[in-house]
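# coords please:
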Amino acid sequence: MDAFSGEPVIRTKDAYILQEQHIVLSKINFSVTKGEFVYLIGRTGSGKSSLLKTLYADLPLRSGEITVAGYPLHQVRSKEIPYLRRKLGIIFQDFQLFFDRSVDENLRFVLKATGWKDSAAMKKRIAEVLLKVGLGTAGSKLPWQLSGGEQQRVVVARALLNEPLVLLADEPTGNLDPEVAQGILQLFLDINRSGTAILMATHNHAFLHQFPARILKCYQGQLLDSQKEKFSLSNT
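Below you'll find the model as predicted:
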């Protein structure tokens, strides 16, 4: 998908989201355009994580159509999934870092896994993303030598390595104290301003008021969209 294409980076049509054979969201229809920032809210178990996992092809799409970064998930072959994921940045609440490797080595591992070969180019890209997340001097440190907020910044840096069209973030501030969480959200907003679309699942309703943006809400098996309808932020 051309980064300058007018096509949405995410488009769903009558999609059903399943978790272990159970339908958690029915007949969802929404699009996310290039450079858009969207919150995803809903109670635990309402389908937020299942939706995100479907978007990065960790859960199969069994009914309906979803296209992500130009890849039609309803037709995608397993050998294409690594190429799809190179177009995405995926950020988890649990950091999933290698704790026996330095920050640089964690990032280098991802670059090698996604096809980078040139050592100098890898070194340059790692320096760029660490600078972007405010960790320019942390490359030689091991993850356990960093605070929780710094570890999450490494995770964001990792997600940015391949210049993704869209970041999918599943409760990225859930394990962080409020002040640190605020810094991570500000980092997301800065990344978004540079043109990367972001779909962020969160329970932190303070964010919704401080930095208003479009909201998708998983509620009773449906996906509500603040662009199309009004709904309460409670019951989440």
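# domains for the chain, by residue range?
1-87+169-236, 97-163 (automatic domain parsing).
# pick out the shakiest of those domains, pLDDT-wise.
Among the domains of the chain, domain 1-87+169-236 has the lowest mean pLDDT, at a mean of 91.
# centre of the chain versus it, how much separation?
From the chain centre to the centre of domain 1-87+169-236 is a distance of 8 Å (Cα atoms, centre = their mean, to the nearest Å).
# on that earlier part again, could the domains of the chain be laid out in a markdown table, adding mean neighbour count?
Placement of C-beta: from N, CA and C, glycine included. Converted to a markdown table, those look like this (neighbours: other Cβ atoms under 10 Å):
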| stretch | mean neighbour count |
| --- | --- |
| domain 1-87+169-236 | 17 |
| domain 97-163 | 17 |
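# ok, which stretches of this protein are strands?
For the chain, strands defined by DSSP state E occupy the ranges 10-19, 22-28, 31-32, 37-41, 63-68, 71-72, 88-91, 166-170, 197-201, 214-219, 222-225.
# helices or strands up against the second one?
The criterion is 3 or more Cβ pairs under 8 Å, 6 or more residues apart in numbering; DSSP states H and E, and the helices and strands that strand 22-28 contacts are strand 10-19, helix 48-55, strand 222-225.
# next, give phi and psi for the closest residue to Ile81 other than its chain neighbours.
Spatial nearest neighbour of Ile81, chain neighbours left out: Ala57 (4.8 Å); criterion: Cβ to Cβ, 6 or more residues apart in numbering. Backbone torsions of Ala57, given as degrees, to the nearest 10, read phi 60, psi 30.
# give the contact list for Ala57.
Taking Cβ atoms under 8 Å, 6 or more residues apart in numbering as the criterion, Ala57 is in contact with 68, 73, 76, 81, 84-85.
# check Ile17 too.
Counted by Cβ under 8 Å, 6+ apart, Ile17 has contacts 23-25, 28, 47, 50-51, 54, 59.
# distance check, it against Lys27.
10 Å (Cβ to Cβ, to the nearest Å).
# go on, Thr33?
21 Å.
# go on, Asp118?
46 Å.
# before we move on, back to that, in CSV: the strands of the chain, plus distance to Lys141.
Formatted as CSV, the strands of the chain follow (distance: least, Cβ to Cβ, whole Å):
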stretch, distance to Lys141
strand 10-19, 35
strand 22-28, 39
strand 31-32, 34
strand 37-41, 30
strand 63-68, 33
strand 71-72, 35
strand 88-91, 20
strand 166-170, 23
strand 197-201, 26
strand 214-219, 36
strand 222-225, 40
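# the ones you listed: which one's closest to Ala138?
strand 88-91 (17.5 Å; Cβ to Cβ).
# now do the closest one: distance to the chain's middle.
Going by Cα atoms, centre = their mean, the spacing between the C-alpha centre of strand 88-91 and its chain's C-alpha centre is 4 Å.
# going forward can the numbers begin at 188, since that is how I track them
Happy to do that; since the first residue is 188 now, the last one works out to strand 275-278.
# for the residue nearest the centre of the chain, give me its contacts.
The residue lying closest to the centre of the chain (Cα atoms, centre = their mean) is Leu355, at 1.4 Å. Going by Cβ under 8 Å, 6+ apart, Leu355 touches 239, 242-243, 275-278, 386.
# that one pairs with what?
With beta bridges defined as DSSP bridges, Leu355 has these partners: Ile277, Leu386.
# can you tell me how far Arg264 is from Lys274?
From Arg264 to Lys274 the distance is 16 Å (Cβ to Cβ).
# is Trp303 in contact with Lys310, as I believe?
No: Trp303 lies out of contact with Lys310 (Cβ atoms under 8 Å); the separation is 10.4 Å.
# separation between Leu420 and Val196?
25 Å.
# next one: Glu267
In terms of Cβ to Cβ, Glu267 sits 17 Å off from Val196.
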